[in-house]
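1. Build me a structure from this.
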Amino acid sequence: MEYLLLTILIIALLSIYINFKIGISTSFNKVVLFFLCFASFHVCYTFAYEFFNFPKYIDAGFPFGLVYGPVFYFALKTASESSFSLRNALLHLIPFVLWIILFLIFALSPSFRLSYYGVYYSILYSLTSISMISYVVMAFIFNWKRIQSESFVKTVRLITIGIAVLTTIGLLILTTTLTHIIPRTTDSRQFPRYLIYTALLIQVCAVLRYQIGRLRQNDIDPVQDNNFSFSESDNLAQYQKSLISDSTMDIYELKLKELIKNKVFQDAGLSLESLGKQIGAPKHHLTQLLNLRMKKSFKQFINEHRVHHACSILKDSSQEFSFEKLAFDCGFNSKASFNRNFKSITGFSPSEYRKRLC
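-> The predicted structure follows:
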């Protein structure tokens, strides 16, 4: 068990490090960070129980499970572009806080523990299983219309694993509670605990994979994006060997302009390859088009359109929004990238630009 817990902790801490390295750019990433921090606390707590051989009620009686349901709910909520309220999120954690108080009474009062031992565990684990399963159901009911949104699709693998893990654990806890396996934690009854922490390991591994994907995406959007030079892609000498015809270039250019008109740049995951597929052009053909016709690199071209779109929104004083939301609506994968590119292209920060319009 100690090795399993240590593995979970290392992966969670690595994911937290990557999260801070990239930047906590969206509400979804904030929820992911909270999950990682809480999972780390959960593992450290259980590791201390295992290492110091505390009484079994110290581990079995702590209401960790009352947190994972709300965390999943808000992960799906923020992944599907729905609004997020910290106050609302805290309200969902009230059962956990109240049960912490009850746990302290249970742990510090031997007479209370002796009198209500069975009732305490039956209610706690029944409530935990109901919380996990009901939050999965509730998340889909309230966010069903948004589940096909672009941002949800990008996190679909992580969300799917979360669904499987939370539902499995919820059903497991419900079953073991009804069969009275929990809270008995003798060596012959350790299987549920191993299964629960294995499920937690699977989830933190999924989060790590997601964070690595964000890190790779961040690497293709460096500070020097707008410092265009032909050495960043193909140079003119290389083009001479495989130069496409003007008529083909014209067709590509028309398709590109149509995609820009349809705001293809709003896709934060847009890449040279994916844009080329939409145009029907190989990557090197699209690079030639951008470099020779637009005199820009791919990133410079896309970010300029993102910034111009942001400027058009800022000019509409009737719209109320945060600059963070504006950044993601325009296709940037972080507020820092948005601010950097906006100032590089316009000479002003977004807030300065907005003030000049007032």
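
2. Backbone torsions only: list them for Lys315.
-> Backbone geometry at Lys315, expressed as degrees, to the nearest 10, gives phi -70, psi -20.

3. let me redo that: His305
-> Backbone phi and psi, for His305 under degrees, to the nearest 10, turn out to be phi -70, psi -40.

4. So it sits against Asn262, correct?
-> No. Contact between His305 and Asn262 fails when scored by C-beta atoms under 8 Å: they sit 11.4 Å apart. To be clear about C-beta, it is placed using only N, CA and C from the backbone, and glycine gets the same treatment.

5. Looking at the two, which one has more neighbours?
-> His305 (17 against 10; other C-beta atoms under 10 Å).

6. who touches the nearest residue to the more buried one once chain neighbours are set aside in this structure?
-> With C-beta to C-beta, 6 or more residues apart in numbering as the measure, Phe265 is the residue that lies nearest to His305, at 4.5 Å, once sequence neighbours are left out. Contact criterion C-beta atoms under 8 Å, 6 or more residues apart in numbering gives 302, 305-306, 309, 330-331 as the residues in contact with Phe265.

7. just Ile169 next, same as before
-> The contact partners of Ile169, by C-beta under 8 Å, 6+ apart, come to 65, 68, 132, 196, 199.

8. With Leu290 instead?
-> If you count contacts by C-beta under 8 Å, 6+ apart, then Leu290 has 296-298, 301 around it.

9. What about these, which are in helices?
-> With helices taken from DSSP state H, the overlap with these comprises 298, 301.

10. Return the set of buried residues in the helix or strand where Leu275 lies.
-> In this assignment (DSSP states H and E), Leu275 forms part of helix 272-279. Along helix 272-279, the positions that meet the burial threshold by neighbour count (16 or more other C-beta atoms under 10 Å) are 272, 275-276, 278-279.

11. With distance to Ser344 and pLDDT added, can I get those in CSV?
-> Listed next are the buried residues of helix 272-279 as CSV, based on distance: C-beta to C-beta, whole Å; pLDDT from 0 to 100:
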residue, distance to Ser344, pLDDT
Leu272, 20, 85
Leu275, 21, 89
Gly276, 25, 88
Gln278, 26, 90
Ile279, 26, 89
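
12. Specify which member of these is nearest to Ile141.
-> Comparing the buried residues of helix 272-279 against Ile141 with C-beta to C-beta picks out Gln278 as the nearest, at 34.0 Å.

13. Next up, the contacts around the closest one.
-> Applying C-beta under 8 Å, 6+ apart, we find Gln278 in contact with 255, 259, 264.

14. give the contact list for the first one.
-> Lys255 makes contact with 278-281 under the criterion C-beta under 8 Å, 6+ apart.

15. As a markdown table, those residues with distance to Ile94 would be great.
-> Shown next, in a markdown table, are those (distance: C-beta to C-beta, whole Å):
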| residue | distance to Ile94 |
| --- | --- |
| Gln278 | 47 |
| Ile279 | 52 |
| Gly280 | 54 |
| Ala281 | 55 |
